[in-house]
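Colleague: generate a structure from the sequence data that follows.
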Amino acid sequence: MQFGVQYFPAVAPSEKSAKDYFAESLDIAVEAERRGFTHARIVEHYFLPYGGYSPNPIVFLAALSQRTTSMRLVTGAVLPVFNNPLKLAGEIGMLDALSNGRLDVGMARAFLPHEFRHFKVDMNESIARYREGMEQIALLLEKENVTHHGQFHSFDNVTSLPRPTQLPRPKFYVAATQTPETFEFAGREGHALMAIPISPKMRDLVALYRKAWRDAGHPGNGEVMMAFHMFCHEDPKLARDIARKPFEAYFRMIAEVTGEFETTTRSGDYRDYDKMAAKLRATSLENQIAGGGAFIGAPDEMRDMILRANETFGPFDHASLQINFATLPVNEARRSLNLFADKVMSRL
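Modeller: The predicted structure follows:
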């Protein structure tokens, strides 16, 4: 198993400026690479404190590409539903060059109702827009002088520049949480999987992905990245006490922005998201630790948490760790990262 750092900003301007947030996050990634972490990953979201500081993952990763030399740079994830594939393919090619071929491209459907509302995109089109966007972006990266007439975007005899540094293109990840068809799609198409372990059926969903991968004739057994909150402290009680307020603030924010699924938002593309929203609202530090969704504690117990998560969710290849989540003080985040590297990573 390899470990990386991920960034999902959940802060308001009144709590921390964007200048400070990104300066701290870049410093943490540089330190993470030095300590053996193998990737850095950041989301695409808009408008609200939950994710809104990161409307374009490529901008952050471009800055990070100039301060690191070995770690993979992962969009986690870009959203084809809100982007023209011609523009996104060009940006991917540019970042792949700037990073000397270290880019991995995660793509997601998007799931926050307020984003669809502001962009004036129908949520019932999300799957179709996502699948078409991925197909068109892959075509633009892999080939020259390409033509594609889609339902949402079309182009004729166009070559995307810059051409990708990695040939035929950077690796694609598919982001998935609980929709079985998405897991099967990722495996069938031969893409890596990035998952958030919030579904009680995650082990079965990962198994679906790996079966679809094998049934399609792809070599190996696929590749899985899982996302977790992580805070490590020598004292297990202090670990929970220090992490509690920012951890619960993060989940309070996601419960607020997904609450529309329980009230006004209904979409066939988002089956059972009302149940997911209710579960998020009931999330606590203790039940996330117990369920394997968060690694928060002392080094010895954290090693057991990680091994237990690997059993609970099915074997995964990468653990993508939120280090500086919400308003966790940056000095605590850095201390946690180094303790984790010294006492957890080195012994797993």
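
Colleague: does residue 123 really touch residue 114, like I thought?
Modeller: No - taking contacts as Cβ atoms under 8 Å, residue 123 lies outside contact range of residue 114: 11.0 Å. C-betas here are computed from N, CA, C, even on glycine.

Colleague: so the two - more neighbours on which side?
Modeller: The residue with more neighbours, out of residue 123 and residue 114, is residue 123; 22 against 15, by other Cβ atoms under 10 Å.

Colleague: separation between the residue lying closest to residue 158 once chain neighbours are set aside and residue 89?
Modeller: Using Cβ to Cβ, 6 or more residues apart in numbering and skipping the chain neighbours, the partner closest in space to residue 158 is residue 146 (6.3 Å). Residue 146 sits 10 Å away from residue 89, going by Cβ to Cβ, to the nearest Å.

Colleague: what do those two both touch?
Modeller: Residues touching both residue 146 and residue 89 (Cβ atoms under 8 Å, 6 or more residues apart in numbering) are residue 140.

Colleague: the more surrounded of those two?
Modeller: residue 89 (27 against 17).

Colleague: in a strand, that one, correct?
Modeller: No - the assignment for residue 89, made by DSSP: H, G, I helix; E, B strand; the rest coil, is helix rather than a strand.

Colleague: determine which residue lies closest to the centroid of the chain.
Modeller: residue 76 (3.4 Å; Cα atoms, centre = their mean).

Colleague: in a strand, that one, correct?
Modeller: Yes - counting by three-state DSSP, residue 76 falls inside a strand.

Colleague: how many residues are close by the residue nearest to it when sequence neighbours are not counted?
Modeller: Nearest non-adjacent residue to residue 76, counting by Cβ to Cβ, 6+ apart: residue 41, 3.7 Å away. When counting by other Cβ under 10 Å, one arrives at 30 neighbours for residue 41.

Colleague: tell me how far residue 41 lies from residue 73.
Modeller: 8 Å.

Colleague: likewise for residue 142?
Modeller: The gap separating residue 142 from residue 73 is 20 Å, by Cβ to Cβ.

Colleague: wouldn't the residue nearest to residue 158 be in contact with residue 140 here?
Modeller: Yes - with contact defined as Cβ under 8 Å, residue 146 counts as touching residue 140 (6.1 Å).

Colleague: name the element residue 14 belongs to?
Modeller: Counting by DSSP states H and E, no helix or strand carries residue 14.

Colleague: for residue 106, that is, sorry about that
Modeller: Residue-wise, residue 106 maps onto strand 103-107 under DSSP H and E.

Colleague: then residue 193?
Modeller: Residue 193 belongs to strand 192-195 when assigned by DSSP H and E.

Colleague: need the pLDDT of residue 189.
Modeller: At residue 189, the model reports a pLDDT of 94.

Colleague: now residue 178
Modeller: Residue 178 is given a pLDDT of 81.

Colleague: secondary structure class for it?
Modeller: In three-state terms, and counting by three-state DSSP, residue 178 is coil.

Colleague: that one contacts residue 206, correct?
Modeller: No - under the criterion of Cβ under 8 Å, residue 178 is not in contact with residue 206, lying 11.8 Å apart.

Colleague: may I have the beta-bridge partners of residue 230?
Modeller: Beta bridges link residue 230 to residue 295 when assigned by DSSP bridges.

Colleague: if I look at it, how far off is residue 314?
Modeller: In terms of Cβ to Cβ, residue 230 sits 20 Å off from residue 314.

Colleague: ok, those two, which is more surrounded?
Modeller: residue 230 (26 against 19).

Colleague: show me what contacts that one?
Modeller: Per Cβ under 8 Å, 6+ apart, neighbours of residue 230: 294, 295, 296, 302, 321, 322, 323, 336, 340.
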